[in-house]
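Participant: A structural model of the following input is requested.
(2 chains)
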2 protein chains.
Amino acid sequence: METITRTKIVDVLKSEAYGTTVNVKGWVRTRRGSKQVSFIALNDGSTINNVQIVVDVEKLGEEYLKPITTGACISVNGELVKSQGQGQNVEIQATEIQIYGTADPATYPLQKKGHSLEFLREIAHLRPRTNTFGAVFRIRHNMAIAIHKFFHERGFFYFHTPIITASDCEGAGQMFQVTTMNLYDLKKDENGSIVYEDDFFGKQASLTVSGQLEGELAAMSLGAIYTFGPTFRAENSNTPRHLAEFWMIEPEVAFNEIAENMQLAEDFIKYCIQWALDNCMDDIQFLNNMFDKELIERLQFVLKHNFIRLPYTEGVKILEEAVAKGHKFEFPIFWGADLASEHERYLVEEHFKCPVILTDYPKEIKSFYMKQNEDGKTVRAMDVLFPKIGEIIGGSQREEDYEKLARRASEMGVPEKDIWWYMDTRRFGTAPHSGFGLGFERLLLFVTGMTNIRDVIPFPRTPNNAEF
Amino acid sequence: METITRTKIVDVLKSEAYGTTVNVKGWVRTRRGSKQVSFIALNDGSTINNVQIVVDVEKLGEEYLKPITTGACISVNGELVKSQGQGQNVEIQATEIQIYGTADPATYPLQKKGHSLEFLREIAHLRPRTNTFGAVFRIRHNMAIAIHKFFHERGFFYFHTPIITASDCEGAGQMFQVTTMNLYDLKKDENGSIVYEDDFFGKQASLTVSGQLEGELAAMSLGAIYTFGPTFRAENSNTPRHLAEFWMIEPEVAFNEIAENMQLAEDFIKYCIQWALDNCMDDIQFLNNMFDKELIERLQFVLKHNFIRLPYTEGVKILEEAVAKGHKFEFPIFWGADLASEHERYLVEEHFKCPVILTDYPKEIKSFYMKQNEDGKTVRAMDVLFPKIGEIIGGSQREEDYEKLARRASEMGVPEKDIWWYMDTRRFGTAPHSGFGLGFERLLLFVTGMTNIRDVIPFPRTPNNAEF
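Facilitator: Numbering: from 1, shown residues only, chains lettered A, B, ... in the order given. Next up, the predicted model:
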C-alpha cells in the first residue's frame, strides 16, 4: 500500500481539497451496501463524526472486504470527493484499504445496536469507542484545558498538593489507608496497638480528601494557586453522585475576601461552560439529542444570568415560607439545618430560576477553617448551587486570625499537633484569603447532561469496583 | 485606609504609569534604612522580583513600622515613581501601610540569611516563600501549562487513568496497598489467607505505578491521548532521584510507529524547554546564578541539536570500544546488560555531546508489551537520554499482535486473567501504536538545574517522610 501521510478525520471533514489523495485510519462503525458498492462509516476518535468511505466492491474484492466489520481497524487511501448524500461535505473513494485488526462479530461487544449505559460501564475498557463516551471524554479533556487556561491567564500557579498524607485535617469522613506493611505479620506494641514505624512513611498514612490546607500554604507565598488532582473518599455510597476516586479543582487566593471569591467562582464556571459551547458543540449537540433535550438551553441559561448572592438565613426564610404555603419537603427546614438537595434545588429551580450562591452558613455545619462573622453564629462560607446538580462549588473566606482559628479548631476536635504547619501561615505573615473547591465530575455532569457520575470518568472507582 | 484595587507586583514592575496611586500587597523580604527613610522589599509571589517600597519614617511613625519585619504581610498604598536606584524601573512611595500579619523575628524561620536546601526541606510549608522555591514552583506551573498546550494543540485528549488499581500489570516493583479494612480485625479463610471481600473494592487494591495500559485503551478509541497524574512506587530508595509519589506524563498514540514516537518525544521536550526559556527567564536566570552556572547554556544546547537516534546494539559497541581504549566504568558493559547511568551519560556527555534516543533494546530487559522486532532478540523500545539527568523519557512501540503479546506476557509471568481487558484492544480492531512516559520531576530537574528531586515537588514523599 502506498504511504501517504495520515489526515485525522476531524480535518478531512473540514477539507475542500476535492480530488486529492488522502489517507485516513480508524475504526469501522458500520459497513453497509450492495454487491457493487460498500459504504464504510469510519471514526478515529478525533471527532464524533464519521467519514464515509465509498468502496468499489469489485475493485477491492468481496472476500477482502469481508473482515471489515464493526470494530475493525483499517487504513484507507482514497480520493477526497464532494459528498453525494446529506450530512457531510466530503467522502472518500477508496483506492486501497489495509486491514490492521479485525473484530469478530460473534464476540465483539459493541455491535451497531444501542447499548445501555449500565452495560457499557461493565466494558469501560471499550466504551470510549462509542459515540456517547467519545463525546463525554472529549468534553472532559476540553474542560480540563479550559480550567488550566482560565487560571493561567489570571496569573494563578498550578500547585501539586500531596496525594498521600499523614493527616486527616479536613475530617471529611472515611479515608483509604495506604500501607506497605505485611498484613500477615503486623507488629504491635505491648498494648496491642499496631506499630507503624516499619510502615513506608514511618507512620499511618492515607489518601488525601482535599488539597486545600496545603493549597493555602502555597497561596500565602505564591499569591494565587489552584490544584487539580485526584481526591479520595472511602464512603460506602453507592449513588449516581458519589465516586471513591474523583478529581477536584481547588483555587486559593491570598488577599481575596468572600465577595471576590464569589466573583471568581462565577467567572470560572462561566468560562468553562463558554469554552464547552465554543469548542465541543458537535459532542454537546449529540448528547443533547440523545440524552437531554434541554442541555444546550441550560448551558446557555447559566451564561446569561448573574448568579444570585443570598445569605443562608434568607434562604431558610424563603424555604420556610414555601413550607407555609404548602410546599412539601422530605427533610425539615429550620435555621441551623444543613440544606438537603431538595432545598437547594427549590431555591435554584423554583424560586430564583437562576444559579444561587448561598453564603454565611451557621458555623456548626461548616469546617473549622472558615472565617467567623461578627455575629458569632455564622461563617463566611459560600456554596454555588446549580440547576439539576445542586451544590457544584463549595468554598469560603478562611479565618486568618491565629487565635480565632486555634479556638475553633480545638472546639471542633482538630488536634493542633496535626496542623502546626497550617497554623504557621497565621503565625507568620497572615492575610485575608479565600478559596473554593469544584468537583470536576460534578462540572462534567452539568456540561454533558449525563446523570450518573460513573459515566463522566473513564474508570469509576466505587464500592466493590476497581476494574481495569 | 483608602481602598484601591490591588496590582500584582509582576505588573507594577512593568508599569510606566509614574505618578499614579497604586496598591500592592505582599510579604516583606527585607526592611532596611535610616531614621528618616525605610526601604521595604516586598514580594507577592507573582514574580521573583521584589518591588521597593520607600517609606517616610516620620510620616508613618517609627513605632507603627516596627512590626514590619521579614515575613510580615502588608498592604501598601502609594505613588508609583521612577526608581532612583539600579535594578528596577519603578518603586512605590508609600502613603499608607496596613499590616495584615506580623512574623516574630525570634521565631520566624526564614530570616534574611541564606538557608540550606536540607533545612528548607524540613519547613516545606514555608519554603515557597523563598526565592529559590518560588522560582522552582513557578517553573513547575509553567511546565505543566506547556505540557497541556503542546498536546492540546496537536489534538491529543487529556485522559485520566485510575489512581487506585486492582492489577499490578506493569510489575514495576513494590506497590502501596490501599485498604479500608480494620487491621485489628482482618478476616481470614480456613487456609489463613486474608479475605478481601469486605475491603472497599471487594479485592486487594493498590496505587498505580503507570497509567500506560489504560492509556492504550483510550488511544485505541480516541486516537491520541496523554495522561498527567500522580504515580507511586513503594521502593525503599532514599536517593536524590527517587520519590514515592511523583507525577508522570504518558502520551499514547494510535497509528504511530517507533520513528514517529521518537519525533513526538523530541518535539515535546523541546517545546517544554522553549516554553521555559520564553516564559520563566527571570526564575531560570536566578537559578542559573545561584546553583548552576551552565543551566541556561544547557537548555539552549538541547534546543539547538537534533537528538541522535542510536540502536542499543551500536551503543554497546561504542561503550565497549571506550572500555578497550581504557575508559573505566563501575558496572560491566556487554550486549544484554541494562545500561547504568554512567553508560548513558558517557554516550550523551562524552561521545555524542548531544541528547541520544537509544532504541531496540534486548527484550529480556524490557516489558512484555513492547513490539518484538523480527530479529527475535530486541524490542522497539526507546529511551531518551539527557545530559546530567540520564534517562528522561522511556517508551516504545507496543506489540499490536494478539498472539505475540499473549506469548510474551505468559513468558514474563503476567497472568492473562489480569489483563483480559488490555488484550481486548488486540482482539478487537488492533492497530500499530506507540507511547512513552516522562517523569515530570525529571523534566523539572533538567529545567531548574536543581539536583535533588525533593526540591522540585512541593511536598516530597519518601521513605519515612509524609509531612504536611
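
Participant: find the closest residue to chain B in the stretch 251-400 of chain A.
Facilitator: Residue of the stretch 251-400 of chain A nearest chain B, by CB to the nearest CB: A:Phe255 (5.0 Å). For glycine as for every other residue, the C-beta is placed from the backbone atoms N, C-alpha and C.

Participant: buried residues in stretch A:333-345?
Facilitator: A:Ile333, A:Leu339, A:His343, A:Glu344, A:Arg345 (16 or more other CB atoms under 10 Å in any protein chain shown).

Participant: from those, which are also near chain B?
Facilitator: Among these, none lies close to chain B by the criterion of CB under 8 Å from any CB of the partner chain.

Participant: what is the burial count for A:Glu2?
Facilitator: 8 (other CB atoms under 10 Å in any protein chain shown).

Participant: just to revisit the earlier point, now flag whichever of the buried residues of stretch A:333-345 is closest to A:Ser396.
Facilitator: Closest approach to A:Ser396 among the buried residues of stretch A:333-345 (CB to CB): A:Leu339, at 15.7 Å.

Participant: how about the nearest residue to A:Ile163, chain neighbours excluded?
Facilitator: Of all residues not flanking A:Ile163 in the chain, B:Pro230 sits nearest, at 4.8 Å (CB to CB, 6 or more residues apart in numbering or on different chains).

Participant: taking the buried residues of stretch A:333-345 one by one, which sit in helices?
Facilitator: If you go by DSSP state H, the buried residues of stretch A:333-345 have A:His343, A:Glu344, A:Arg345 in helices.

Participant: helix/strand/coil for the residue nearest to the first one when sequence neighbours are not counted?
Facilitator: This means A:His343. Nearest residue to A:His343, sequence neighbours excluded (CB to CB, 6+ apart): A:Leu319, at 5.5 Å. Of the three states, A:Leu319 takes helix under DSSP: H, G, I helix; E, B strand; the rest coil.

Participant: so A:Leu319 touches A:Ile333, yeah?
Facilitator: Yes: using CB atoms under 8 Å, A:Leu319 is in contact with A:Ile333, at 4.5 Å.

Participant: now do the shared contacts for these two.
Facilitator: Each of A:Leu339, A:His343 lies in contact with both A:Leu319 and A:Ile333 under the rule CB atoms under 8 Å, 6 or more residues apart in numbering or on different chains.

Participant: still on that earlier bit, how many residues are close by the residue nearest to A:His343?
Facilitator: 22.

Participant: what about A:Ala406, neighbour count?
Facilitator: 18.

Participant: let me fix that, I meant to ask about A:Ile453.
Facilitator: When neighbours are defined as other CB under 10 Å, A:Ile453 has 20 of them.

Participant: excluding residues flanking it in the chain, which one is nearest it?
Facilitator: Residue nearest to A:Ile453 in three dimensions, not counting chain neighbours: A:Glu441, with 5.0 Å by CB to CB, 6+ apart.

Participant: the one you found touches A:Val456, doesn't it?
Facilitator: Yes: between A:Glu441 and A:Val456 there is a contact under CB under 8 Å: 5.2 Å.

Participant: shared neighbours of these two, which are they?
Facilitator: Joint contacts of A:Glu441 and A:Val456 (CB under 8 Å, 6+ apart) do not exist.

Participant: quick one on the thing from earlier: and the residue nearest to A:Ile453, backbone torsions?
Facilitator: Taking degrees, to the nearest 10, you get phi -70, psi -30 for the backbone angles of A:Glu441.

Participant: tell me the contacts of it?
Facilitator: A:Leu243, A:Phe246, A:Trp247, A:Ile453, A:Val456, A:Ile457.

Participant: so which of these is the most crowded?
Facilitator: For the contacts of A:Glu441, neighbours were counted by other CB under 10 Å; the highest total belongs to A:Val456, with 26 neighbours.

Participant: all strands of the stretch 151-300 of chain A, in order?
Facilitator: Along the stretch 151-300 of chain A, counting by DSSP state E, counting those that start in this stretch, strands occupy A:157-158, A:164-165, A:177-179, A:205-207, A:224-232, A:245-254.

Participant: what sits up against stretch A:336-356?
Facilitator: Contacts of stretch A:336-356 with the rest of the structure, by CB under 8 Å, 6+ apart, involve A:266, A:302, A:305-310, A:312, A:315-316, A:318-319, A:322, A:327, A:329-331, A:333, A:358, A:362, A:364-365, A:383-388, A:390-391.

Participant: buried subset of those residues?
Facilitator: If you count burial by 16+ other CB under 10 Å, the buried members of these come out as A:266, A:302, A:307-308, A:310, A:312, A:315-316, A:318-319, A:322, A:333, A:358, A:362, A:383-388, A:390.

Participant: looking at those residues, which are in strands?
Facilitator: Among the buried ones among the contacts of stretch A:336-356, DSSP state E puts A:Ile308, A:Leu310, A:Leu358, A:Pro362, A:Asp383, A:Val384, A:Leu385, A:Phe386, A:Gly390 in strands.

Participant: where do the strands sit along the stretch 1-150 of chain A?
Facilitator: A:21-33, A:37-43, A:51-56, A:73-82, A:90-101.

Participant: contacting residues for the closest residue to A:Gln300 other than its chain neighbours?
Facilitator: Excluding its sequence neighbours, the residue lying closest to A:Gln300 (CB to CB, 6+ apart) is A:Leu277, at 7.2 Å. By CB under 8 Å, 6+ apart, A:Leu277 lies in contact with A:Ile284, A:Ile296, A:Leu299, A:Gln300, A:Leu303.

Participant: do A:Lys404 as well
Facilitator: A:Gln372.

Participant: roughly how far apart are it and chain B?
Facilitator: Here the criterion is CB to the nearest CB, to the nearest Å. By it, A:Lys404 lies 13 Å from chain B.

Participant: that residue sits in which helix or strand?
Facilitator: For A:Lys404, the host element (DSSP states H and E) is helix A:402-411.

Participant: now that helix - C-alpha only, PDB.
Facilitator: The C-alpha coordinates for helix A:402-411 follow below in PDB (Å, rounded to 0.1, in the frame of the first residue of the first chain):
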ATOM      1  CA  TYR A 402      -4.500  32.800  64.700                       C
ATOM      2  CA  GLU A 403      -6.400  32.900  68.000                       C
ATOM      3  CA  LYS A 404      -9.800  32.600  66.400                       C
ATOM      4  CA  LEU A 405      -8.700  29.700  64.200                       C
ATOM      5  CA  ALA A 406      -7.000  27.900  67.100                       C
ATOM      6  CA  ARG A 407     -10.100  28.200  69.300                       C
ATOM      7  CA  ARG A 408     -12.400  26.900  66.600                       C
ATOM      8  CA  ALA A 409     -10.000  24.000  65.700                       C
ATOM      9  CA  SER A 410     -10.000  23.000  69.300                       C
ATOM     10  CA  GLU A 411     -13.800  23.300  69.600                       C
END
